[in-house]
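1. Here's my sequence, what's the structure:
(chains A and B)
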2 protein chains.
Amino acid sequence: MTIINKQILLISRPEGAASAANFRLREVAVPELQDGQVLVRQHYLSLDPYMRGRMNDAKSYAQPQALNEVMGGGTAGEIAASRHPKFKVGEAVVGMGGWQQYSVLDAAQSGMLRKVDVQRIPLSAYLGVVGMPGVTAWYGLVRICEPKAGATVVVSAASGAVGSAVGQLAKVRGCRAVGIAGGADKCRYVVDELGFDACVDYKAHADSKALYQALKEVTPEGVDGYFENVGGRVLDAVLPRMNAFGRIALCGMISGYNGAPIPLTQPQLILQSRLRVEGFIVSEHMEDWPPALKELGDLVASGKLKYRETVAQGIEAAPQAFLGLLEGRNFGKQLVKLI
Amino acid sequence: MTIINKQILLISRPEGAASAANFRLREVAVPELQDGQVLVRQHYLSLDPYMRGRMNDAKSYAQPQALNEVMGGGTAGEIAASRHPKFKVGEAVVGMGGWQQYSVLDAAQSGMLRKVDVQRIPLSAYLGVVGMPGVTAWYGLVRICEPKAGATVVVSAASGAVGSAVGQLAKVRGCRAVGIAGGADKCRYVVDELGFDACVDYKAHADSKALYQALKEVTPEGVDGYFENVGGRVLDAVLPRMNAFGRIALCGMISGYNGAPIPLTQPQLILQSRLRVEGFIVSEHMEDWPPALKELGDLVASGKLKYRETVAQGIEAAPQAFLGLLEGRNFGKQLVKLI
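-> Numbering: from 1, shown residues only, chains lettered A, B, ... in the order given. Presented below is the predicted three-dimensional model:
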């Protein structure tokens, strides 16, 4: 029986903002499995801001996504067929299956496929709070910001997959957690549902000075750790609130992903406040994944770590959902449901 | 016998660039010593870029210099009179005597006064390479840049008191040392006399792009550690040359000390190259002074660490010499000879 697999390819690189025209849907037959391979029927595709960087050809930390090939991406699904003794039909797995309904994967290749326990934690969470975004939050907070109990931690894109975990992990550590998010709804969610101490709506403040003032009101003792997902005027607003010896984990700067300049207005504050500013990519710190996933999984299973998902339906919806993510139209982790 | 003491006071704060009008000379009689006090006849006054920050009233890491009081500053001299058993007339001491010919100091107060060995090392060097600027170089290089043998280290203001030590300490550690300095004379000195591998004249390159290109030619394997004294377009030029996981020690940003904006054009490079950028003040790391002074002293005594001084004559010359320092007119450590 021939299985038809719908895939999304990258067919051109954006000039400025990404658009739907950069992508194309293709239908191909799933090939016969070779020895050692498995066929995964994907249930969820993860959409993440880092993918925007891979659409460019520029030398960056991420390899550019090849043109006319299936967009790469994290996936969660079930084994549909197996020619590898360790994987059985029906088992739940996560891996890098790409933007498509079915993936043929070499099961022996390290890191390609990981079995997950869907009794304890929902499958989709392995693409979010108990997956790469959750570990990203954990690493930047625990390894770079290193906040002590009583410290004030601020995170931008606070309702997103990464940001929401940053603030909740900070609360677990006895910190004051303050979010920055776009819109009153997101801010309400961050405080009322996620338990942050406060959240500032950056859309309600026209420039970095106004945003600074709003932030000042909710960080009366300054900011000790800042987890940055946005950059630009948000970073300009937070920098003057940093306490001496504060730490800034640079995880993302989504405000500049379309090529707009995002200068840092007052870099001298890094010196004046003796800050440490550090960029990181979570895939370069694999040694921290096991302790991070352990804590994140335990917290999710016990209901202490909450998350929200925006789920688009069907692989055809992936490009539009991704463009929405880049503009902040999602609310929490952006997924595409593929079944 | 009454001794007349000439002092320089700060009488107003600069708006924009500092000027001679911000200072005033005063002559006062040296008071009688109290028990526990010593009188130091200063031989040298140290002039340092950090003093510009103290002239402002702004909240910064340094306490503002009080108006109508003697400008603070490091000094080296000899005990002229003593009412403390540990200090004898004629002994050489360094301390924070300020911009004046004589200082009455409370000898018991920790850190006010330190005896130094002028047989092994010239007195003036204790204000430079074997003093605060030398330890500054050591801390930023050893504790923040942490270069391995074979790494490339770049330092701006490379012919200055701090920069010249940074490059030579990097060479001792088996690194490639590249300087950035203003003018062909300074660059020649940095390479021919100090033994740097290369030096780029920032005045010969109109903008950060041209400076980047010049730097690229002398850093074929990129830059692993950068010691920043200047900021502005110099920092903009170095940032794109940084290798993955590079370190930047922010020690000074003299290009912005007069209040001119010095935005960092591409802060996203900190993320893309996973850099660590850290500001520091050497006086907050007293635990590192003993090992630093030990290494610096040994290297100077054995002739392996070279330095150069620009010496203005007489306390009256201090304001102009300081303004020259801020404009890079000095060559090496800026001192004022007071006797």
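
2. At the contact with chain B, which residues of the stretch 101-250 of chain A appear?
-> Contact residues, the stretch 101-250 of chain A versus chain B (C-beta under 8 Å from any C-beta of the partner chain): A:Gly231, A:Leu235, A:Ala244, A:Leu250. Heads up, the C-betas are built off the backbone N, CA and C, glycines and all.

3. The same query, at a cut-off of 10 Å, please.
-> On the criterion C-beta under 10 Å from any C-beta of the partner chain, chain B has as its neighbours in the stretch 101-250 of chain A the residues A:Ile144, A:Glu228, A:Gly231, A:Gly232, A:Leu235, A:Asp236, A:Ala244, A:Phe245, A:Arg247, A:Ile248, A:Ala249, A:Leu250.

4. Could you pick out the buried ones from these?
-> Among those, those scoring as buried are A:Ile144, A:Glu228, A:Gly231, A:Gly232, A:Leu235, A:Asp236, A:Arg247, A:Ile248, A:Ala249, A:Leu250 (criterion: 16 or more other C-beta atoms under 10 Å in any protein chain shown).

5. just curious, which of these is nearest to B:Gln65?
-> Nearest to B:Gln65, judged by C-beta to C-beta, of these is A:Asp236 at 28.8 Å.

6. Next, that closest one: secondary structure please.
-> Secondary structure state of A:Asp236, per DSSP: H, G, I helix; E, B strand; the rest coil, is helix.

7. separation between it and B:Arg274?
-> Distance, A:Asp236 to B:Arg274, by C-beta to C-beta, to the nearest Å: 22 Å.

8. coming back round to it: which of the buried ones among the residues of the stretch 101-250 of chain A next to chain B fall in helices?
-> Residues of these located in helices (DSSP state H): A:Leu235, A:Asp236.

9. so where does A:Gly174 fall, helix or strand?
-> Using DSSP states H and E, A:Gly174 falls within no helix or strand.

10. Please save the CA atoms from the helix or strand containing A:Arg26 in CSV.
-> According to DSSP H and E, A:Arg26 maps onto strand A:23-29. C-alpha atoms of strand A:23-29 as CSV (Å, rounded to 0.1, in the frame of the first residue of the first chain):
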residue,chain,number,x,y,z
PHE,A,23,7.4,27.6,0.9
ARG,A,24,5.8,25.0,-1.3
LEU,A,25,3.7,21.9,-0.5
ARG,A,26,4.8,18.6,-2.1
GLU,A,27,3.2,15.2,-2.1
VAL,A,28,5.5,12.2,-2.4
ALA,A,29,5.1,8.4,-1.8
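
11. which residues touch A:Leu325?
-> Residues near A:Leu325 by C-beta atoms under 10 Å, 6 or more residues apart in numbering or on different chains: A:Leu47, A:Asp48, A:Pro49, A:Met51, A:Arg52, A:Gly160, A:Ala161, A:Ile254, A:Thr310, A:Ala312, A:Lys333, A:Gln334.

12. An error on my part: the question was meant for A:Trp289.
-> Here A:Trp289 is in contact with A:Gly131, A:Met132, A:Gly134, A:Val135, A:Trp138, A:Tyr139, A:Val282, A:Ser283 (C-beta under 10 Å, 6+ apart).

13. Swap in 6 Å and give it another go.
-> By C-beta atoms under 6 Å, 6 or more residues apart in numbering or on different chains, the contact set of A:Trp289 is A:Val135.

14. how about it, secondary structure?
-> The three-state assignment at A:Trp289 reads helix, by three-state DSSP.

15. can you tell me how far it sits from chain B?
-> A:Trp289 sits 17 Å away from chain B, going by C-beta to the nearest C-beta, to the nearest Å.

16. And for A:Gln101?
-> From A:Gln101 to chain B the distance is 33 Å (C-beta to the nearest C-beta).

17. Touching, that residue and A:Asn5? I think so.
-> Yes: using C-beta atoms under 6 Å, A:Gln101 is in contact with A:Asn5, at 5.3 Å.

18. next one: phi and psi at A:Ile254?
-> Backbone torsions of A:Ile254, given as degrees, to the nearest 10, read phi -60, psi -20.

19. So it is in contact with A:Pro49, correct?
-> Yes: shown here, A:Ile254 and A:Pro49 form a contact pair, counting by C-beta under 6 Å, at 5.2 Å.

20. and those two? which has more neighbours close in?
-> A:Ile254 (25 against 22; other C-beta atoms under 10 Å in any protein chain shown).

21. Contacts only, for that one.
-> Neighbour list for A:Ile254: A:Pro49, A:Val230 [criterion: C-beta under 6 Å, 6+ apart].

22. Give me the subset of the buried ones among the residues of the stretch 101-250 of chain A next to chain B that lies in strands.
-> Among those, the members found in strands (DSSP state E) are A:Glu228, A:Arg247, A:Ile248, A:Ala249, A:Leu250.

23. Identify, from these, the entry nearest to A:Ala292.
-> Comparing those against A:Ala292 with C-beta to C-beta places A:Ala249 closest, at 13.8 Å.

24. Next, the residue nearest the centre of chain A: secondary structure please.
-> The structure's chain A has its C-alpha centroid closest to A:Pro133; by C-alpha atoms, centre = their mean the separation is 4.1 Å. Under the three-state scheme (three-state DSSP), A:Pro133 adopts helix.
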